[in-house]
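Q: Need a 3D model of the following:
(chains A and B)
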Protein chains: 2
Amino acid sequence: MLETGWSLHPRLRDDTVAVGDLTLSRVLAMNDADFPWLLLVPRRAGLSEIIDLGPEQSVLMDEIAQVSRALKDETCCDKLNVAAIGNIVPQLRIHIVARRKNDPLWPHAVWGKAARRAAGDAAIAGLVSALRQRLRLAADGSTVGAN
Amino acid sequence: MLETGWSLHPRLRDDTVAVGDLTLSRVLAMNDADFPWLLLVPRRAGLSEIIDLGPEQSVLMDEIAQVSRALKDETCCDKLNVAAIGNIVPQLRIHIVARRKNDPLWPHAVWGKAARRAAGDAAIAGLVSALRQRLRLAADGSTVGAN
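A: Sure, this is the predicted structure:
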């Protein structure tokens, strides 16, 4: 019932493919041609800051760690970049981006740089599928084996 | 004893003024002319990712929340930007930046934009002093009243 009133911001929906739902957060993969780039969006209405979560901050940190580990293991990246920004679209979400020393923006951050190059959903289908397996999430958003 | 082998990276030391030490993290204020900008550096050797912290991740989240609240209350900012990047200087630290809708880079992120404009230590002395009070940290890094 805590999810009452929550819905994913249309801009985030348009830019991503859903990976699935963890206890608190919806995991999304950005349609990005250059970076394996995930978002964690806590399914709580009206939040824009991490501190708005209150005691659920610890659940968010657990999920940041879980998703960071899965993304690092899947991509063998050199560095993870993790951020909560939200200056334009205020809905609270955490970016987790896998960076490589030979990627197009290294060593700069991906935020505040050139416009993102969108990829089609098909281009990130492999990443989405692999992450669902690692996070034990089914394609419909349920947890595998939890039913 | 957990701090054995840890020391603040020289680049971070040069760019900041120490606010004080929380249980896990050293709190630093960036010598920045445009933004109230803090860093939390866990005093643990050899870490570059949040997930390197293991169970202490929850302590880090508590400290992110504590410092975020203090910075927001002190600055009455419009938005907090929170990030772990570390692509150039690998030592794990969390940036917490107070953003205003009329600041020089709004709504862009501060990372990956134009070079930072340094301020002298004196220019941020007021912020450092106010944060020490809010976080109950003494100027020598100890916790006020904890001795």
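Q: Who does the residue minimising distance to the centre of chain A form a beta bridge with?
A: With the centre of chain A defined as its mean C-alpha position, the nearest residue by CA atoms, centre = their mean is A:L39, 1.7 Å away. With DSSP bridges as the criterion, A:L39 is bridged to A:L28, A:H95.
Q: Extract the residue ranges of chain A that are flagged as low pLDDT.
A: Low-confidence segments of chain A, defined by pLDDT under 70: A:1-2, A:113-114, A:140-147.
Q: Chain B contacts on that one?
A: A:48-51, A:57-58, A:60-62, A:64-65, A:68-69, A:72, A:79-88, A:90, A:99, A:105-113 (CB under 8 Å from any CB of the partner chain). Where you see a C-beta, it was placed from the backbone N, CA and C, and this is true even at glycine.
Q: Those, buried ones only, as a PyMOL selection?
A: The buried residues among the residues of chain A next to chain B can be selected in PyMOL (16 or more other CB atoms under 10 Å in any protein chain shown) with this line:
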select buried, chain A and resi 48+49+50+51+57+58+60+61+62+64+65+68+72+79+80+81+82+83+84+85+86+87+99+105+108+109+110+111+112
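Q: From the residues of chain A next to chain B, which land in strands?
A: If you go by DSSP state E, those have A:79-84, A:99 in strands.
Q: and A:R100, what does it touch?
A: Listed by CB atoms under 8 Å, 6 or more residues apart in numbering or on different chains, the contact partners of A:R100 are A:75, A:77-78, A:106.
Q: Quick check: phi and psi on it?
A: phi -120, psi 150 (degrees, to the nearest 10).
Q: Then A:D121?
A: phi -60, psi -40.
Q: which one is it nearest to, not counting chain neighbours?
A: A:V17 (5.3 Å; CB to CB, 6 or more residues apart in numbering or on different chains).
Q: residue contacts, that neighbour?
A: Neighbours of A:V17 in contact, by CB under 8 Å, 6+ apart: A:28-29, A:31, A:121, A:124-125, A:128.
Q: same check, this time on A:N31
A: A:15-17, A:118-121, A:123-124.
Q: Quickly find the element holding A:S129.
A: helix A:125-135 (DSSP states H and E).
Q: So which bits of that helix are buried?
A: Quick answer for helix A:125-135 (16+ other CB under 10 Å): A:127-128, A:130-132, A:134-135.
Q: ok, residues contacting the longest helix along chain A?
A: In chain A, ranked by residue count with DSSP state H as the criterion, the top helix is helix A:57-75. Contact with helix A:57-75 is made by A:22-25, A:27, A:36, A:38, A:40, A:42, A:50-51, A:53, A:77, A:80, A:82, A:94, A:96, A:98, A:100, A:127, A:130-131, A:134-135, B:49-51, B:57-58, B:60-62, B:65, as judged by CB under 8 Å, 6+ apart.
Q: Tell me how many other residues surround A:A123.
A: Here the count is done by other CB atoms under 10 Å in any protein chain shown, and A:A123 has 13 residues near it.
Q: again with A:P10
A: When neighbours are counted by other CB under 10 Å, A:P10 registers 10.
Q: Okay, it and A:D103: tell me how far apart.
A: 28 Å (CB to CB, to the nearest Å).
Q: what do you get for A:L127?
A: A:L127 is 15 Å from A:D103, by CB to CB.
Q: Hmm, A:L127 is touching A:P36, no?
A: Yes - in this structure, A:L127 is within contact of A:P36 by CB atoms under 8 Å, at 5.6 Å.
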